[in-house]
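Engineer: Have a look at this fold, sequence not included:
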């Protein structure tokens, strides 16, 4: 236990925790975005997929617990590291020009905070049904929940904005997580991140497609 | 060429500081940046003003003592050079140039543009060396090292310890500096015995000095006058993780 505490007590240890929990999140959003695309195959496809997931019982709950712990660890480590980094430069520059930092790398913290809010709202909206923008919620008819919700402009807008934040978070995170945990091979162009661009664009497009398709009337 | 300078002036470590405007007239484009400051200082001295304090020594890009945040970029606009090798031809006539010291809590200001970088020395003392018996040198090529390892080690060993990585890092992290030494010694047979103790010790010291954490913006690699790769940071994290998982024996 002392060793584990010492490991987490270091900044590099926290970065490793952020990298591992980030990779768990990346695996999850890829599977989640693939599942979402079933909306385009009609109500039966997505509803039976939802039924299948719920029928796995303990497996589903194990995954939920893992994801919950991953989010908590990721957020706590991020807050602690952010505080340390802010404290490391008490007096800033009058003039500073970023050279290679991307919009994605510079919005990890605020984008991450937005994503945390999104995750909470999203679970209350589609999983538990506590938030019902359209006034109706069904545990069986997932398709109906999607279609009734995304006809409302501000629901669609909130999801679209949050998915931009997710895409940016993935573009930097998918690349930096494997570096943080020390497993990425040396590269002559370390700042090139083709694989994470593919992951980010795919996940962003798949997640954005559903609300936009419903709102524009392509999916009814 | 005529330039407008905004320079950070601070009389002592605990004195308040501020940006002060100077007009630098008739500067030759062939001067180095530090020679331009020499000229400005000479004129300040002539009119009984205190010259601007800045660090400089070898003026050929190898000692690592020159610093300066120039227009918001560590070591100025030329890539892969220290401030001493930056020339005024990189600027245009009537340019405005902001000159600031390295900013980090771990680099306290001594005076004006001079900062105390001994925090980096203490990181080296925490493991950035090999314990080898002294005495007669071995025959050359007694220890064979693969070409790729030599190249990686040499690229990392090029670090001159200037601290531009810390200055350019939005988090004021010393990861590139620490990782460069860990990579330099970790790639060579002589560095293996202490490889994992080194990773633990240097990382611990880096944090004791209150440097920030690495978020892989990549700014350090861009600012480094020796263009050391952020791949070294991946290697540092790997050695640190391995030392924690498997212990410090090689």
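Structural biologist: Looks like it came in fine. Computed from a predicted structure; not experimentally measured.
Engineer: hey, what's residue B:4 bridged with?
Structural biologist: residue B:23, residue B:96 (DSSP bridges).
Engineer: Then the one 4 residues further on?
Structural biologist: Residue B:8 has these beta-bridge partners by DSSP bridges: residue B:19.
Engineer: what's the spacing between residue B:94 and residue B:23?
Structural biologist: Applying Cβ to Cβ, to the nearest Å, the value for residue B:94 to residue B:23 is 10 Å. Using the backbone N, CA and C atoms, a C-beta is placed for each residue, glycine as well.
Engineer: Which residues are in contact with each of these two?
Structural biologist: Among the neighbours of residue B:94, those also in contact with residue B:23 (Cβ atoms under 8 Å, 6 or more residues apart in numbering or on different chains) are B:2, B:3, B:4.
Engineer: quick one: residue A:34 is in a helix?
Structural biologist: Yes: checked against DSSP: H, G, I helix; E, B strand; the rest coil, residue A:34 lies within a helix.
Engineer: What distance do you get for it to chain B?
Structural biologist: Distance of residue A:34 to chain B, computed by Cβ to the nearest Cβ, to the nearest Å: 28 Å.
Engineer: My guess is residue B:181 contacts residue B:124. True?
Structural biologist: Yes: under the criterion of Cβ atoms under 8 Å, residue B:181 makes contact with residue B:124 at 6.4 Å.
Engineer: And the two? Which one has more around it.
Structural biologist: residue B:181 (24 against 15; other Cβ atoms under 10 Å in any protein chain shown).
Engineer: Setting the sequence-adjacent residues aside, check what's closest to the residue of chain B found nearest chain A.
Structural biologist: Scanning chain B for the residue nearest chain A gives residue B:238, at 2.9 Å (criterion: Cβ to the nearest Cβ). Spatial nearest neighbour of residue B:238, excluding adjacent residues (Cβ to Cβ, 6 or more residues apart in numbering or on different chains): residue A:182 at 2.9 Å.
Engineer: In terms of helices and strands, where is that neighbour?
Structural biologist: Under DSSP states H and E, no helix or strand contains residue A:182.
Engineer: got the residue ranges for the helices in chain A?
Structural biologist: A:2-9, A:11-36, A:43-55, A:58-87, A:103-106, A:108-122, A:142-149, A:153-180, A:194-215 (DSSP state H).
Engineer: Columns distance to residue B:186, mean pLDDT and mean neighbour count on top of those, output as CSV?
Structural biologist: Shown next, in CSV, are the helices of chain A (distance: least, Cβ to Cβ, whole Å; pLDDT from 0 to 100; neighbours: other Cβ atoms under 10 Å in any protein chain shown):
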stretch, distance to residue B:186, mean pLDDT, mean neighbour count
helix A:2-9, 19, 89, 12
helix A:11-36, 15, 97, 20
helix A:43-55, 46, 95, 14
helix A:58-87, 24, 97, 15
helix A:103-106, 26, 96, 18
helix A:108-122, 28, 97, 16
helix A:142-149, 52, 96, 19
helix A:153-180, 16, 98, 21
helix A:194-215, 26, 97, 18
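Engineer: what angle do the top helix by length along chain B and helix A:11-36 make?
Structural biologist: If you go by DSSP H, chain B has its longest helix at helix B:231-246. Using axes from the mean of the first three to the mean of the last three Cα atoms, to 10 degrees, the inter-axis angle of helix B:231-246 relative to helix A:11-36 is 100 degrees.
Engineer: about what we covered before: show me what contacts the residue nearest to residue B:238?
Structural biologist: Residues in contact with residue A:182 (Cβ under 8 Å, 6+ apart) are A:16, B:234, B:235, B:236, B:237, B:238, B:239, B:240, B:241, B:242.
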